[in-house]
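J.: have a look at this prediction, sequence included:
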Amino acid sequence: MIRLMLGLALALALIGCSQEDAAKKSAAPGDATAGKTVADRECKGCHGLDGKGTIPAIPTLAGQTERYLVASLAEYRDGKRSHAALRDISTRLSDADVRNVAAYYAGLAPVAGDAGAPVPSPYESGRKTAAQCASCHGEDGNSKTAGTPSVAGQQPGYFVTAIREYLTGARPTAPMHMLVRDMGRLDLENVALYFASQTPAQRSAPPAGDPAAGEPLTAVCGGCHGFRGVSEDTATPGLAGQDPQYLATVIQSYRATRKHEAMQRAVAALSDKDIANIAAFYAVQKSRPAENGQRLIEDLTGKCNRCHSPGVENPAMAIPKINGQDKNYLMMALRAYRDDRRESSVMHRMSLPYSDTVIDSIASFYANQPPK
């Protein structure tokens, strides 16, 4: 899952940073009339002569920028994008054919996407699903029951991993097992985002353990779990403000039955008193929300718009139009960049933090926008 790094601009699906040679080739004007002949012969089966994909997950080409279309075909030809049919077609087309078919589709009137369709909010969906967790973990994820972990402000990637471990039996069955067994991955990611966005409550010193004595024992812990237990890594749990009884039980389990090589080494020499002191130290540390789910989609699309708003030009990149684009294609493209199945080191770094549920919402947002 996802470290949702709002400081990065998300250049969304269809996105591609083209090579300079592709950009130079796109500078020569194409012949749209000749391009229609190419489209009729090679492209209409999937993209239609009107430039709208014939089925979901096929991108809309009508009104797309000519420069971007030329660069995209070059990337298929050069193997930087994986698609057997497009690789075959692009290798058969001459440079003139490429420019002409790009001019044809770029000259068509833009086609509306899913305008009016609801844009899902991962945060709101997670809030509704999280209601079933309130009896144990609290409505806002701050547990008031000793031995029950707080999940407010917890890293979302870790949260999803932990739930899946309960479901697969990697962790002992817990009362919540029955509540989450029917949740799909998007449901889990939504709940994780909701709880990650809640503010952890400040705890007072617990009756067992000495926070001051525990602090020097946490030197090794900070390398993974962050300064004073505030994790900066979506896959690593935060410990600050956690229930001390729960923390002590978990640490003890690594000494006995729970499998995790690094954790087993780290706790092997700890006494029960050491563990109580470490748990006490982390329990009284002030934590913070790991995410801002309420504003997440608004913030991310605002950053995307810096490059993808109509009229924005960048001489170093062939930037596509994404307003009104097919939602399923947008999702596929961004997941491909994230998972390193589509070549672009820049796009991989940009999209790596994003979960499927966030990608779904952003793709829905742009599919809803009127094409220009």
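T.: Noted; the coordinates are in hand.
J.: which secondary structure element of this structure has the lowest mean pLDDT?
T.: When the helices and strands of the chain are scored by mean pLDDT, DSSP states H and E, helix 20-25 comes last with a mean of 46.
J.: packing partners for the next helix or strand after that helix?
T.: Per DSSP states H and E, the first helix or strand lying C-terminal to helix 20-25 is helix 32-38. Helices and strands touching helix 32-38, as assessed by 3 or more CB pairs under 8 Å, 6 or more residues apart in numbering; DSSP states H and E, comprise helix 95-106. C-beta coordinates here come from the backbone N, C-alpha and C atoms, glycine included.
J.: mind listing what's buried along the helix it packs on?
T.: Neighbour counts over helix 95-106 (16 or more other CB atoms under 10 Å) mark 97-106 as buried.
J.: pick the one among these closest to residue 55.
T.: residue 105 (17.4 Å; CB to CB).
J.: give the contact list for the closest one.
T.: Residues in contact with residue 105, defined by CB atoms under 8 Å, 6 or more residues apart in numbering, are 35, 39, 43, 47, 51, 61-64, 69.
J.: cool, residue 52 as well?
T.: 60, 62, 111.
J.: do you know the pLDDT at the last one?
T.: By that I understand residue 111. Looking at residue 111, its pLDDT reads 87.
J.: since we're on it, how many residues are nearby?
T.: 18 (other CB atoms under 10 Å).
J.: picking that back up, out of the contacts of residue 52, which comes closest to residue 119?
T.: residue 60 (18.2 Å).
J.: burial check on residue 164, number of neighbours?
T.: 15.
J.: surely it is in contact with residue 187?
T.: No. With contact defined as CB atoms under 8 Å, residue 164 does not reach residue 187; the gap is 11.9 Å.
J.: ok, and the closest non-adjacent residue to residue 319?
T.: Spatial nearest neighbour of residue 319, excluding adjacent residues (CB to CB, 6 or more residues apart in numbering): residue 307 at 5.5 Å.
J.: surely the one you found is in contact with residue 314?
T.: Yes. With contact defined as CB under 8 Å, residue 307 reaches residue 314; the gap is 6.8 Å.
J.: ok, those two, which is more surrounded?
T.: Using other CB under 10 Å, the more surrounded residue of residue 307 and residue 314 is residue 307, with 18 against 9.
J.: which helices and strands does whichever strand or helix holds that one pack with?
T.: Using DSSP H and E, residue 307 maps to helix 296-308. Helices and strands touching helix 296-308, by 3+ CB pairs under 8 Å, 6+ apart, are helix 122-130, helix 356-368.
J.: highest mean neighbour count out of these?
T.: helix 356-368 (a mean of 23; mean count of other CB atoms under 10 Å).
J.: that helix to helix 122-130, inter-axis angle?
T.: Interaxial angle of helix 356-368 relative to helix 122-130 (axes from the mean of the first three to the mean of the last three CA atoms, to 10 degrees): 130 degrees.
J.: report the mean per-residue pLDDT for helix 356-368.
T.: pLDDT averaged over helix 356-368 gives 93.
J.: C-alpha coordinates for that helix, PDB please?
T.: Coordinates of each C-alpha in helix 356-368 appear next as PDB, following Å, rounded to 0.1, in the frame of the first residue of the first chain:
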ATOM      1  CA  ASP A 356      -5.700   0.800  -5.600                       C
ATOM      2  CA  THR A 357      -8.500   2.700  -3.800                       C
ATOM      3  CA  VAL A 358      -6.700   6.000  -4.300                       C
ATOM      4  CA  ILE A 359      -6.000   5.200  -7.900                       C
ATOM      5  CA  ASP A 360      -9.700   4.400  -8.400                       C
ATOM      6  CA  SER A 361     -10.800   7.700  -7.000                       C
ATOM      7  CA  ILE A 362      -8.400   9.800  -9.000                       C
ATOM      8  CA  ALA A 363      -9.200   7.900 -12.200                       C
ATOM      9  CA  SER A 364     -12.900   8.500 -11.500                       C
ATOM     10  CA  PHE A 365     -12.300  12.200 -11.000                       C
ATOM     11  CA  TYR A 366     -10.600  12.700 -14.300                       C
ATOM     12  CA  ALA A 367     -13.100  10.500 -16.200                       C
ATOM     13  CA  ASN A 368     -15.700  12.900 -14.900                       C
END
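J.: contacts for that helix?
T.: Under CB under 8 Å, 6+ apart, the answer for helix 356-368 is 2, 4, 10, 12-13, 113-122, 125, 185-186, 189-190, 193, 296-297, 300-301, 304, 308, 322-328, 330-331, 334-335, 338, 354.
J.: I'd guessed residue 79 sits against residue 88; true?
T.: No. Judged on CB under 8 Å, residue 79 makes no contact with residue 88 at a distance of 12.0 Å.
J.: buried residues, stretch 138-146. List them.
T.: Result for stretch 138-146 [16+ other CB under 10 Å]: buried residues 138, 140-143.
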